[in-house]
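A.B. asks: quick one, fold the following:
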Amino acid sequence: MLVAAAVCPCPPLLVPEVAAGAGPELDAARNACRDALGVLAAARPDLLIVAGPAAPDGRGPYPPGAAGSFAGFGVDLTVRLGTAPAGSAAPGQRLPASLAVGAWLLEHARWDGAPAEGLGVRESLSAERCLRAGKELADRAERVALLVMGDGSACRTVKAPGYLDERAEDFDAAAARALGSADLAALGALDETLAHELKVSGRAPWQVLAGAAGGADLAGHLLYEDAPYGVGYVVAAWS
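C.D. replies: Numbers count the residues shown, from 1 in each chain. Okay, here's the model as predicted:
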């Protein structure tokens, strides 16, 4: 059963070494992510699953100890998703960027709780399949926690990666309300087509969370909402 969840954005710029001079601009988001991870630790889960958007060939799953790299962003930095079991071979498949950011957040928070696994979620996965996948994750252990990585729209300003789309602010506001209040029905009803048009990477992982939380009766708390660089970022904690 799902006992806690943290929702965090997944831009590599969250990692200060990648952000370089722009690092302080995301300090508030980093601090909120740290607080959200504190909620996960306090829940004392048996299993932590980090779920985030991935290309079709990067869906995973990824075992404890799987590595991710930020070399593609010009930084010689490798992170690992928790610790591999003693005596096991190092996992070969590299984490997608979203899960690498999640692994960095866990390292930064000095996570020493439950074993951490990763799941890459194809961004085009239908809502129905996302909800079903989430329920399967919640059934993995008696006490499951999720760290859900994903961004809102990338169309909030003319300088945003997807340029300005007037629909973006309303979509992000609705998603933030749903994430901040643990509104499972609203998350499940997020428009897949509109999310794709607005370049929302978090839609599918958020709907996986909605599926995992069914029957768990968790309360949500919105910790951060902003759109630096024209991209919607939300941090929330469920417990």
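A.B. asks: let's check: the centremost residue of the protein is which one?
C.D. replies: With distances taken as Cα atoms, centre = their mean, the residue of the chain nearest its centroid is M149 (0.9 Å).
A.B. asks: identify each buried residue in the least confident helix or strand in the chain by mean pLDDT, please.
C.D. replies: Using mean pLDDT, DSSP states H and E, helix 16-19 stands out as the lowest-scoring helix or strand of the chain, at a mean of 92. Neighbour counts over helix 16-19 (16 or more other Cβ atoms under 10 Å) mark P16, V18, A19 as buried. The way it works is simple: take the backbone N, C-alpha and C, and place the C-beta from them, glycine included.
A.B. asks: and what of stretch 47-67?
C.D. replies: 47-54, 58-60, 62-67.
A.B. asks: do stretch 171-180 as well
C.D. replies: F171, D172, A174, A175, A176, A178, L179, G180.
A.B. asks: picking up where we left off before, show me what the least confident helix or strand of the chain is in contact with.
C.D. replies: The contact list for helix 16-19 (Cβ atoms under 8 Å, 6 or more residues apart in numbering) reads P12, L13, G23, E25, L26, F70, F73, G74, V75, L77.
A.B. asks: repeat for stretch 76-87
C.D. replies: Residues from elsewhere that reach stretch 76-87, judged by Cβ under 8 Å, 6+ apart: 15, 17-18, 48, 50, 62-71, 90-91, 95, 99-100, 102-104, 106-107, 111, 115-118.
A.B. asks: out of these, which sit inside helices?
C.D. replies: Taking DSSP state H as the definition of helices, those contribute E17, V18, L99, A100, G102, A103, W104, L106, E107.
A.B. asks: thinking again about what came up before, how about the CA coordinates for the least confident helix or strand of the chain, as CSV?
C.D. replies: Only the C-alpha atoms of helix 16-19 are listed here, as CSV (Å, rounded to 0.1, in the frame of the first residue of the first chain):
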residue,chain,number,x,y,z
PRO,A,16,23.8,22.8,-9.1
GLU,A,17,26.8,21.4,-11.0
VAL,A,18,24.6,21.4,-14.2
ALA,A,19,23.0,24.8,-13.4
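A.B. asks: which one of the buried residues of stretch 171-180 sits closest to G202?
C.D. replies: A175 (7.3 Å; Cβ to Cβ).
A.B. asks: how near is the closest one to G188?
C.D. replies: Distance, A175 to G188, by Cβ to Cβ, to the nearest Å: 12 Å.
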